[in-house]
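Colleague: here are the coordinates; sequence isn't available:
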């Protein structure tokens, strides 16, 4: 060949790195598949078991909606989700201010804020619920705190990003006019981040409705408690009703959030 | 000279906004009552919390054998579920993309994705535990469902955003359908796909630490057992190792994304 110019998309180093990732992923998968304790018979049996499960769930026991106070539990779930969101926003604002690097200038404080955000997101809401049940005892108080603490990471991260992206014009104008810090925050930053703030509040509320429907499984209040009781008593028709209720409020919450977002934006 | 009455405030208070804040305050008051929160309980809780933290410290790593075993199982659940979940969600996501497929293909695919997204993972985990028994298999199936719901949706959206020019050029040149997919569609979405995949692995790892609470394998079962036995120092050890594991995987996914993005 006379012309030995070759067209290469990646350098050998890049190619090696990619190959290493693929190899690592595949070997991890092979290792996992060969050591995980799965009983294959159970998998073959699954369709039959699922069919059995669904036949036991049918017909749905609508009578227990009023008899077993499932309505009450649903309202409690919604209250936990909403109050938890309020708590989360309340707690997320200072953390977001701390971790936004254009407001708090100290990198150590930024790092501390980010640390709070990351640890809040790392712990699952069920695990938060377990911790707060140990502190406050079973019930809605533990659930609300679990939902709140779980949401700090999400709300705080998005709020901090919104704060970092604000337009500096109004803020410099306020500072030049000699406004105190609180005024700068309220009149300079808040109007600019308010749409993002309400948007993420709505979004998180929607997620929290889902989350708060299951935290009752570890005793943190809401409809999860009813679900747990029904499961333990093998009242499958009641389980079906509770699942239907959870499904309904989740869908309703999603529709409500979509409608409100459309009217705001 | 202007009087105060004539001077307009530069920051006009919106009546609707004020009303909104008042409604919010009323709601919080109502909800606090409805959920039977009292200050006394809160203060009592703080006392309990201090005691609880006191019992958690120092964390007890004595049973590290069990801990490591469980962590490995957790990782295995996440790895297998991610592999199969991503594997299934690729064709489903592709079928759900409206610009590639006719309506009669997209509707079933979209229904599958919607069903997978409809419930919280814990509820899927409960159902699968009843169907396939306790153990990692139930957790794996749960997380596969979850991955299909999430990646399938994002992947379909990514494909809907691609430029159709290469696709049309290849079709005009008479390329078969598979070649169009491999050479015109996939290169455009590959980088985003790597992003989704690493994100989903992270999400699966987080959730695989939790599905054990309802008996679907992984470290969650041990965590819940430690909680029920008031073994709070072991609970602290488990929590610390979960947090360390997830931080590690986040670091790793940042590295992997960097490899594919340059």
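Modeller: Right, received. Where do you want to start? Here the structure is a predicted model, which is why all the values come from computation and not from measurement.
Colleague: Which strands or helices does the host helix or strand of residue B:21 pack on?
Modeller: With elements taken from DSSP states H and E, the one containing residue B:21 is helix B:15-34. Counting contacts by 3 or more CB pairs under 8 Å, 6 or more residues apart in numbering or on different chains; DSSP states H and E, helix B:15-34 is packed against helix A:70-99. No exception for glycine: its C-beta is placed from N, CA and C like everyone else's.
Colleague: contact partners of the helix-or-strand element of chain B with minimal mean pLDDT?
Modeller: Taking mean pLDDT, DSSP states H and E as the measure, the helices and strands of chain B show their lowest mean at helix B:39-56, namely a mean of 81. Identification of contacts with helix B:39-56 by CB atoms under 8 Å, 6 or more residues apart in numbering or on different chains yields A:131, A:134, A:135, A:136, A:137, A:141, B:230, B:232, B:233, B:235, B:236.
Colleague: Identify each of the helices in the chain and give its residue range.
Modeller: All of this refers to chain A. Listed in chain order, the helices of chain A (DSSP state H) span A:12-35, A:40-57, A:64-67, A:70-99, A:107-122, A:125-136, A:140-164, A:168-176, A:181-183, A:190-212, A:223-232, A:236-264.
Colleague: please go with chain B instead
Modeller: When assigned using DSSP H, the helices of chain B occupy the ranges B:15-34, B:39-56, B:64-96, B:103-118, B:121-132, B:136-160, B:165-172, B:177-180, B:186-208, B:219-228, B:232-261.
Colleague: Tell me which residue is most central in the chain.
Modeller: Chain wasn't specified; assuming chain A. Averaging the C-alpha coordinates of chain A gives a centre point, and the residue nearest to it by CA atoms, centre = their mean is residue A:207 (5.6 Å).
Colleague: Sorry, I should have been clearer: chain B.
Modeller: The geometric centre of chain B, computed from its C-alpha atoms, lies nearest to residue B:203 (CA atoms, centre = their mean), at 4.4 Å.
Colleague: per-residue pLDDT, that one?
Modeller: Note on residue B:203: pLDDT of 87.
Colleague: ditto for residue A:209
Modeller: At residue A:209, pLDDT is 91.
Colleague: next one: residue A:148
Modeller: Listed pLDDT for residue A:148 reads 93.
Colleague: how many neighbours does it have?
Modeller: In terms of burial, residue A:148 registers 26 neighbours under the definition other CB atoms under 10 Å in any protein chain shown.
Colleague: and the gap between it and chain B?
Modeller: 12 Å (CB to the nearest CB, to the nearest Å).
Colleague: mind listing what that residue touches?
Modeller: With CB under 8 Å, 6+ apart, residue A:148 has these contacts: A:83, A:84, A:85, A:86, A:87, A:88, A:91.
Colleague: Quick one: residues contacting the residue nearest to it when sequence neighbours are not counted.
Modeller: Using CB to CB, 6 or more residues apart in numbering or on different chains and skipping the chain neighbours, the partner closest in space to residue A:148 is residue A:87 (3.4 Å). Contacts of residue A:87 were listed using CB under 8 Å, 6+ apart, and they are A:144, A:145, A:147, A:148.
Colleague: Out of these, name the two that are farthest from one another.
Modeller: Taking CB to CB as the measure, those span a maximum distance of 7.4 Å, between A:145 and A:147.
Colleague: out of these two, which sits in the more crowded spot?
Modeller: Using other CB under 10 Å, the more surrounded residue of residue A:145 and residue A:147 is residue A:147, with 31 against 26.
Colleague: who does the least confident helix or strand in chain A by mean pLDDT touch, helix- and strand-wise?
Modeller: Ranked by mean pLDDT, DSSP H and E, the helix or strand of chain A with the weakest confidence is helix A:64-67, at a mean of 74. Helices and strands in packing contact with helix A:64-67 are listed as helix A:236-264; criterion 3+ CB pairs under 8 Å, 6+ apart.
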